[in-house]
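Trainee: sequence and predicted structure are below.
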Amino acid sequence: MDFYFGLLQIFGVHTLLGLSAYVVLLTGQVSMAQAGFYAIGAYAAGACTAMFGMHILPAVLIAGLLTAVVACVVGFPALRVKGLMLVVATLAFGEMVRLFFFNLTWQVERGGEMVGPNGAEGFRSIRYFPENGWEIWQVTGFIWIIVAVIMVALWWVDRTRAGAVLRAVGHDETAAQSIGLNLTAVKVGAMTAGGFIAGIGGGIYAHTVTHIEHGVFGVLLATFAIAYPILGGLGSIFGTLIAVLFIQGFLIEGLRFMGDWRSLLFGALIVLAMNLRPTGLLGEHAPRLSQLFGRKTNDHDKSLELKEAE
Amino acid sequence: MKLKSFLAAGLVSVSALAMSTAAMAEDKTVRIVGFGASSGVVGIFGQNSSAAMSAAFEKINAEGGVTLADGSKAQIVTEYYDDRCNAEEGISVLRRIATTDALIAIGPTCSNVAEPLFGILQAKVDDSGDTGLQFPVFTDVAIKGGLAGISEWVFRNTPSEAKMYDDLFAWIRATHPDLKTIYGGVEEDFAHSRFTWYEVMKKAAEQHGFEVVGEAQWLLSDTNFSNQARGMRREEPDIVAISAHPFTTCGMLREMARQKIQPKVLVGLTSSSSLETLSGCAAEAQGLTIPTSFAPVNDDARSAAEAVVAKGGQMDLHSASAWENAMILRDVINAAGIEGTPESLDADRRKIRDGLSTLTEAQGLLGVNQRLPDGEAVKPYVFVHAKDAGWEVLHDPGS
Amino acid sequence: MADASGANEATAKMDYFFIIDFVQSLVDGLLFGTTYALIGIGFTLIFGVMRKLNLAYGAAALAGTYIGLAAFLAFDAPPPVVFLASALGSGLIGLVVYYCCFRFTPTSYPMASLLASVGMLLFIDEVVIHLSHGMPFPYPSVFSDATLELGDIWIRGDLLFVFGMCVVAMAVLFWLLYRTPLGLATRAVSQQPRAAQLCGIDSTRVNALTFVIAGILGGVAGAMTAAAVGVLSPIIAMGLTVKGLIVVVIGGLGSIPGAIIGGLLVGAAENVFLLLRGVTERDIYVMLLLFLFLTLRPGGLFGSTAGRD
């Protein structure tokens, strides 16, 4: 059972990472900075509990808020550019964050031991959960309550005017601007929200693995962050969830019995999936209940075909 | 719908896995599982470990297997899981192993997986306030110093670098009394190499009266070493110590050759005493001196190496540890008197843990391994140097 | 007195060493920077004709280099053949990447091909690792023992060769782009894809050929990187990709001269920061420079179309 709870923890953490990129992607921006935000959250939450003995909940919230502030500050200059330029600018920022933690040594004494980030050797002993007697199902429950709250919030936002605004900017910036939307505000807002979610995700991640180091938060993780929403489809938050299940549950965990071949299949299956369903597993539009049960609505399919034929 | 087929495939594979982990209903068996990186850039380590483990268990089984509490014999079954050198995957793999009937796990490969992995285990045995996982792990490859202290459920059979390098520099002091200065080269962004230079090699060299005249740093994926080598050339060091993995070790050695830096003694990182360094740059590595806990110096070691090669792996200091772990576990299981039934699983795991923790000595391929109270080992070693595309034993402190 | 003059002498020596180091770093960086420039040109070419980012590019270049290495190990081929095999192999893989990731994904939805190319990156990387077991292998080089000594400045013969090869590759590219019908078609597609199609240019063919050409450039860059280090390992793929992207952005999207200058600049800046700030901080400064550059001058050095996507 522990194994499945552990797996659920990984799903939860990666869903948060994917959702953080999802919010930014809605505005049409590909941000490779999510791994950097995730790192900030991880180190901040780790410091709160392991170095200063705080409770996990405020620690994770502080991590989220701190990361949101950083994302907001970075968002202003970064979002002046778009497309490939933004990819590289955010990539540069993410790498800067990683290298910052690579160089960061800041340890305090707690219980006779030095605790805290120690440069390239990382930050060990973030053992809040086991030390405080949390059983694995409690940890998993805690993570999924947070994930559920964030998902409900995003789902609700998606249904309101704010969601329409985000998507309008994502679909056609010029048109969005011409109807009086403030592009900078919308994009920076999305970036800040994404930063908040990534910070919380990172904060939880640090506590599920107990040891973090700069190497984890590299370009590869940033790529995964954007891969989840794109692979799942930008139609709704469930796309990201499905993609996390597909990648973490099927490609990584489900195929483990294939040994060395698993890693080969990993990339190949992503290529295949994108060729078969270019707009993601769930597509660009929010799925309707009738569709989930197999009764396709024809007009919806037609619009997709038109798009692809363009 | 494509989506449905994806989901269906996922469900099928998950349920297939659940089936495969169910206990096999044959003769008595005990399960010991290996895990580590068997794909990705460091995949070769896991592949070698996996080969060494299966060769060792095959040998044990051919000799009758292990003895259970009731005197009956049981065969050892094994498998190997790939964690891709990723912390999350490593944790997931260990949790999966812990849900099967495996008695103990041997792994992981990477220090950056080992450190988080040991963190999720219970830190102190019988500490009811600590809800960490209670499952014994016997590490073969992850070598970064001081990791076993994280949890009392962790044991390692990796060589003690502190001891090896201390002796190496003592030996250099004795055999080359005229040498005075040492220059270090370190792969700065890899936890193990960094630790080994700053905490092990540098301290050992200073201990034995060598003056550290400078340090060159580079990163794992660097391709240009000319600045670093130039700094080294100016100091004209007698000894150069390189704490890095084969790719950058080779790059640096080439640059040193180009700039005509010829130290009288060249010291390398333990993990570099493998085939990789020779495959990458046999000519430049000529003379590179490394302390290692494995070399085919006696009959046992030679026959073990042959058995591993027959399984498609290579025997080096890392896979030798995997082999030794298998042999040590056989002895521990024989002595512990486990019952080997599904009901006794938790008790059996605990017995093996206790057995390992009370062990003060264990037979290794090169001689007797000392077991330390914190779960670490001090293993016999030899100094080897690269010569004509092979590793040749330079000095055997045990003989 | 003696002490003071000794100290003075020491500082003078330090200063002299510093200047030598500085010049030497700059020279090495500039020479090595040509490989970055080639990768940058490859990205720019693909981006120019397709308006899409090919993240599998660095991995394809690496895989091509391994094909050259296979020729070296299997047939003991001489260095020129190895380099040629690397370049052509990489071109071929470029074509495979095009058909797997770009040909059948919708042009109006760039994220599909972006993620497909990420999948391809992981796949190619793993194939290379699977076949080579992740072992580093020696890669042949030429003039590796020759050194041009100008006073205290040493210029490596093999780096000069790398520089020369990269310049030749660029020259051939320019000839191809500006003196052949193929080049004309390529430029037409990159300027106005739809208009080019109306004029009877088969854009699929042009796209495929662009991937091949870019692949060949990447193969040359990979081969030259491996030749300069003397060892080939799968580790270098990620570095090539990231450096290439940085170069494109500094030079300006779609600008080949920009990519060349950008490559040299990144090579030099990297080495100088290494000298001044040490290896752990080196990349922070490179990234910071890039970030500032991007936000202050989003069009790059030579780009005219700021931030177009």
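Mentor: Looks like it came in fine.
Trainee: please enumerate the strands of chain A.
Mentor: A:108-110, A:113-115 (DSSP state E).
Trainee: tell me how many other residues crowd residue B:235.
Mentor: 16 (other C-beta atoms under 10 Å in any protein chain shown). Placement of C-beta: from N, CA and C, glycine included.
Trainee: if we can go back for a sec, of the strands of chain A, which is nearest chain B?
Mentor: For those, the distance to chain B is smallest for strand A:113-115, at 10.2 Å, taking C-beta to the nearest C-beta.
Trainee: please identify the buried residues of that closest one?
Mentor: For strand A:113-115, burial by neighbour count (16 or more other C-beta atoms under 10 Å in any protein chain shown) applies to residue A:115.
Trainee: that one: partners in the sheet, and parallel or antiparallel?
Mentor: In the sheet, strand A:113-115 lines up against strand A:108-110 (antiparallel) (DSSP bridges).
Trainee: if we can go back for a sec, and the strands of chain A as CSV, adding distance to residue B:373 and mean pLDDT?
Mentor: Output for these, formatted as CSV (distance: least, C-beta to C-beta, whole Å; pLDDT from 0 to 100):
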stretch, distance to residue B:373, mean pLDDT
strand A:108-110, 24, 87
strand A:113-115, 18, 86
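Trainee: kindly reformat these as JSON lines and extend each row with distance to residue A:14.
Mentor: Shown next, in JSON lines, are the strands of chain A (distance: least, C-beta to C-beta, whole Å):
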{"stretch": "strand A:108-110", "distance to residue A:14": "30"}
{"stretch": "strand A:113-115", "distance to residue A:14": "27"}
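Trainee: quick one: the strand or helix carrying residue B:203 to chain centroid distance?
Mentor: Using DSSP states H and E, residue B:203 falls within helix B:202-207. Here helix B:202-207 is found 24 Å from its chain centre; the criterion is C-alpha atoms, centre = their mean, to the nearest Å.
Trainee: close to chain A, is that helix?
Mentor: No: counting by C-beta under 8 Å from any C-beta of the partner chain, no contacts exist between helix B:202-207 and chain A, the nearest distance being 15.2 Å.
Trainee: what pLDDT does the model give the residue sitting nearest the centre point of chain C?
Mentor: In chain C, the centroid-proximal residue (C-alpha atoms, centre = their mean) is residue C:39; its distance is 2.5 Å. You'll see residue C:39 listed with a pLDDT of 92.
Trainee: then the one 4 residues further on?
Mentor: In this model, residue C:43 is scored at 90, pLDDT.
Trainee: that one should be in a strand, yeah?
Mentor: No: using DSSP: H, G, I helix; E, B strand; the rest coil, the assignment for residue C:43 is helix, not a strand.
Trainee: could you find the closest non-adjacent residue to it?
Mentor: Excluding its sequence neighbours, the residue lying closest to residue C:43 (C-beta to C-beta, 6 or more residues apart in numbering or on different chains) is residue C:248, at 4.6 Å.
Trainee: secondary structure element holding that neighbour?
Mentor: Going by DSSP H and E, residue C:248 is in helix C:236-251.
Trainee: and whichever helix or strand comes after that helix, what does it pack onto?
Mentor: With elements assigned by DSSP H and E, the helix or strand that comes after helix C:236-251 is helix C:256-277. Where contact means 3 or more C-beta pairs under 8 Å, 6 or more residues apart in numbering or on different chains; DSSP states H and E, helix C:256-277 is packed against helix B:226-235, helix C:2-50, helix C:157-179, helix C:236-251, helix C:279-296.
Trainee: sorry, back to before: let me know the angle separating the next helix or strand after the helix holding residue B:203 from helix C:256-277.
Mentor: Counting by DSSP H and E, the next helix or strand C-terminal to helix B:202-207 is strand B:211-218. When axes from the mean of the first three to the mean of the last three C-alpha atoms, to 10 degrees is applied, the directions of strand B:211-218 and helix C:256-277 differ by 160 degrees.
Trainee: is chain C within reach of strand B:211-218?
Mentor: Yes: interface with chain C: strand B:211-218 contributes B:217-218 (C-beta under 8 Å from any C-beta).
Trainee: sorry, back to before: surely the residue nearest to the centre of chain C and residue C:243 touch.
Mentor: Yes: shown here, residue C:39 and residue C:243 form a contact pair, counting by C-beta atoms under 8 Å, at 6.5 Å.
Trainee: now do the nearest residue to residue B:223 once chain neighbours are set aside against residue C:34, distance only.
Mentor: Of all residues not flanking residue B:223 in the chain, residue C:229 sits nearest, at 4.8 Å (C-beta to C-beta, 6+ apart). Separation of residue C:229 from residue C:34 (C-beta to C-beta, to the nearest Å): 15 Å.
Trainee: wait, what's in contact with the residue nearest to the centre of chain C?
Mentor: Going by C-beta atoms under 8 Å, 6 or more residues apart in numbering or on different chains, residue C:39 touches C:57-58, C:61, C:217-218, C:221, C:240-241, C:243-244, C:247, C:263.
Trainee: residue C:102: which of the residues you listed is nearest?
Mentor: residue C:57 (11.5 Å; C-beta to C-beta).
Trainee: and residue A:93, how far from residue C:145?
Mentor: 43 Å.
Trainee: quick check: residue B:290 touching residue B:274?
Mentor: No: Residue B:290 is not in contact with residue B:274 according to C-beta under 8 Å; the separation is 9.6 Å.
Trainee: what about those two, which has more around it?
Mentor: Shown here are residue B:290 and residue B:274; by other C-beta under 10 Å, residue B:290 has more neighbours (28 against 25).
Trainee: in CSV, list the C-alpha atoms belonging to the helix holding residue C:248.
Mentor: What follows is helix C:236-251, C-alpha atoms only, in CSV (Å, rounded to 0.1, in the frame of the first residue of the first chain):
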residue,chain,number,x,y,z
ILE,C,236,27.6,17.3,-24.0
ALA,C,237,24.2,17.2,-25.8
MET,C,238,22.4,19.4,-23.2
GLY,C,239,25.2,21.9,-23.2
LEU,C,240,25.1,22.2,-27.0
THR,C,241,21.4,22.8,-27.0
VAL,C,242,21.4,25.5,-24.3
LYS,C,243,24.4,27.3,-25.8
GLY,C,244,22.9,27.2,-29.2
LEU,C,245,19.6,28.7,-28.0
ILE,C,246,21.6,31.5,-26.2
VAL,C,247,23.5,32.2,-29.3
VAL,C,248,20.4,32.5,-31.5
VAL,C,249,18.8,34.9,-29.1
ILE,C,250,21.9,37.1,-28.7
GLY,C,251,22.4,37.2,-32.4
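Trainee: got the angle between it and helix C:2-50?
Mentor: Orientation check (the same axes, to 10 degrees): helix C:236-251 against helix C:2-50 gives 80 degrees.
Trainee: so how far is helix C:236-251 off the chain centroid?
Mentor: Centroid separation for helix C:236-251 versus its chain: 7 Å, with C-alpha atoms, centre = their mean.
Trainee: identify the bridge partners of residue C:154.
Mentor: In beta-bridge terms (that is, DSSP bridges), residue C:154 pairs with residue C:149.
Trainee: ok, it - contacts?
Mentor: Counted by C-beta under 8 Å, 6+ apart, residue C:154 has contacts B:259, C:24, C:147-148.
Trainee: and of the residues you listed, the nearest to chain A?
Mentor: The closest of those to chain A turns out to be residue C:24 (C-beta to the nearest C-beta; 24.9 Å).
Trainee: how much space separates that closest one from residue B:53?
Mentor: Taken as C-beta to C-beta, the span from residue C:24 to residue B:53 is 49 Å.
Trainee: so between these two, which is more surrounded?
Mentor: The residue with more neighbours, out of residue C:24 and residue B:53, is residue B:53; 29 against 19, by other C-beta under 10 Å.
Trainee: understood, closing this out.
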